[in-house]
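# take a look and give me a structure for this.
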Amino acid sequence: MKFEIKIKDNNSKARAGVIETDHGTIETPIFMPVGTVGTVKAVHFSELESDIQAQIILGNTYHLYLRPGLDVIQQAGGLHKFNSWTRPILTDSGGYQVFSLSHRRKIKEEGATFQSHIDGSKHLFSPEKVMDIQRIIGADFIMAFDECTPYPCEYEYARKSMELTHRWLKRCITHFDNTEPLYDYNQTLMPIVQGSVYPALRKISAETIASFDRPANAIGGLSVGEPVEMMYDMTAEVCEILPIDKPRYLMGVGTPANLLESIALGIDMFDCVMPTRNARNGQIFTSEGIINIRNLKWKTDFSPIDANCPAPTSQRHTKAYLRHLFHAQEILGAQIASIQNLSFYLWLVKEARKHIIEGDFTTWKKDMVERVSRKL
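Model (predicted):
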């Protein structure tokens, strides 16, 4: 993996860069659609490639490990060949999913034992095993095994959890460096900064993660219920410490406004289930604001879903037609809504990149944050 910053914004920490992987080029800042079980819900890969123009997608280690299982994925030749996605993939380590099963898991120095949400079977995720699993899945970017603390979280718990995450990281790196990729391309291991909402812990964690000198770094444990300003404060704290010349990935974030504000703080990569999850419930993100497509006001609105978003789906279908599909409970409604939301997110980060390059990002961002946050 290679990363090059093409240009930096003069009035913020924003930067426009390029990541080179064996599965293709990624222009940053970038949003990564979430494909938990090897598929982005309600969206075909041809639409991801054409309408949405996704450059990289996510898979989830926990879910893929349980279903379809590692034997199937390895026999297929890795996730790229299994699901026929030819561009880069990033896999979450499964830590967030394991630790969200609070009544079904136990955390020890060895790792985390948990019960499957599918059949109740018991499993152990250790740092070494998670590296092996992600070798088999074969993503371009693989995440270190960490503990994602909840919010709110007591300082002492956050401190002990962070220290455990750091010890697990050492084991991840040792095992990763002592193994080889299973397929004919390279993989990049990304450590994760933790520390909850405590600046002192975030500083320690960021310094620790930076000291390992890996090619890319991630920030976890945010967007878990804390006030948004607190999330920005923690992100800013960490970005001041993480190496400037390496990609920074803010995990699980967020709203369109979150993306823009975090880009200004120096973040390069994002993912979130919000565009597709909210789409299936009728919430549409557009360049003019947020729409609840079920509302009566859209019944006879025959304007395009989003006149500014260049995706064909955004231009072809009207708000009235999309509302009709939701009220008729047609599956196509969820599909069109998901394509619109993801197209908009990818359009938004592409516009951010353009304005960073043109030198007016800060002015543009201020206007866009207001526009994309309003409810129509």
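
# how about the closest residue to residue 27 other than its chain neighbours, phi and psi?
What sits nearest to residue 27 in space, not counting adjacent residues and going by C-beta to C-beta, 6 or more residues apart in numbering, is residue 18, at 5.8 Å. C-beta coordinates here come from the backbone N, C-alpha and C atoms, glycine included. The phi/psi pair for residue 18 (degrees, to the nearest 10) reads phi -140, psi 130.

# before we move on, what about residue 82?
phi -60, psi -40.

# repeat that for the one 10 residues further on.
In this entry, residue 92 is assigned phi and psi values of phi -70, psi 150 (degrees, to the nearest 10).

# tell me how many other residues surround it.
As a burial measure, residue 92 scores 28 neighbours (other C-beta atoms under 10 Å).

# tell me the contacts of it?
When contacts are counted by C-beta atoms under 8 Å, 6 or more residues apart in numbering, residue 92 touches 58, 59, 60, 61, 62, 143, 251.

# could you look up the SS state of residue 59?
Secondary structure for residue 59, judged by DSSP: H, G, I helix; E, B strand; the rest coil, is strand.

# just residue 222 next, same as before
Going by three-state DSSP: residue 222 is coil.

# ditto for the one 10 residues further on
With three-state DSSP as the basis, residue 232 sits in helix.

# please tell me how far it sits from residue 175.
Distance, residue 232 to residue 175, by C-beta to C-beta, to the nearest Å: 34 Å.

# repeat that for residue 34.
26 Å.

# so which of the contacts of residue 92 comes closest to residue 126?
residue 61 (12.6 Å; C-beta to C-beta).

# just to revisit the earlier point, number of residues surrounding the residue nearest to residue 27?
Each residue near residue 18 was counted by other C-beta under 10 Å, and the total is 13.

# who's in contact with it?
3, 4, 6, 25, 26, 27, 28.

# narrow these to those that are buried.
When the contacts of residue 18 are checked for burial by 16 or more other C-beta atoms under 10 Å, the buried set is 3, 26, 28.

# quick check: mean pLDDT of the one helix or strand the second one maps to?
This points to residue 26. Using DSSP states H and E, residue 26 maps to strand 24-28. The predicted model assigns strand 24-28 a mean pLDDT of 98.

# what element comes up after that strand heading to the C-terminus?
Toward the C-terminus from strand 24-28 - assigned by DSSP H and E - lies strand 30-32.

# chain center to that following strand: distance?
Strand 30-32 has its C-alpha centroid displaced from the chain centroid by 7 Å (C-alpha atoms, centre = their mean, to the nearest Å).

# do stretch 21-32 as well
12 Å.

# can you give the contact residues for that stretch?
1, 14-19, 54-58, 80, 86-90, 140-141, 185-186, 188, 247, 259, 263, 267-272, 345-346, 348-350, 352-353.

# just the buried ones among these, please.
Here, 16+ other C-beta under 10 Å leaves 1, 14-17, 19, 54-58, 80, 87-90, 140-141, 188, 247, 259, 263, 267-272, 345-346, 348-350, 352-353 buried among the contacts of stretch 21-32.

# residues making contact with stretch 193-201?
Stretch 193-201 is contacted by residues 146-149, 151, 153, 155, 158-159, 161-162, 165, 202-206, 209, 217-221, 226, 230, 233-234, 237-238, 242 when judged by C-beta under 8 Å, 6+ apart.

# quick check: ChimeraX command selecting the buried ones in these.
Only the buried entries of these go into this ChimeraX selection, using 16+ other C-beta under 10 Å:
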select :146,147,148,149,151,153,158,159,161,162,165,202,203,204,205,206,209,217,218,219,220,221,226,233,234,237,238,242
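
# if anything else comes up later, I'll come back, but that's it for now.
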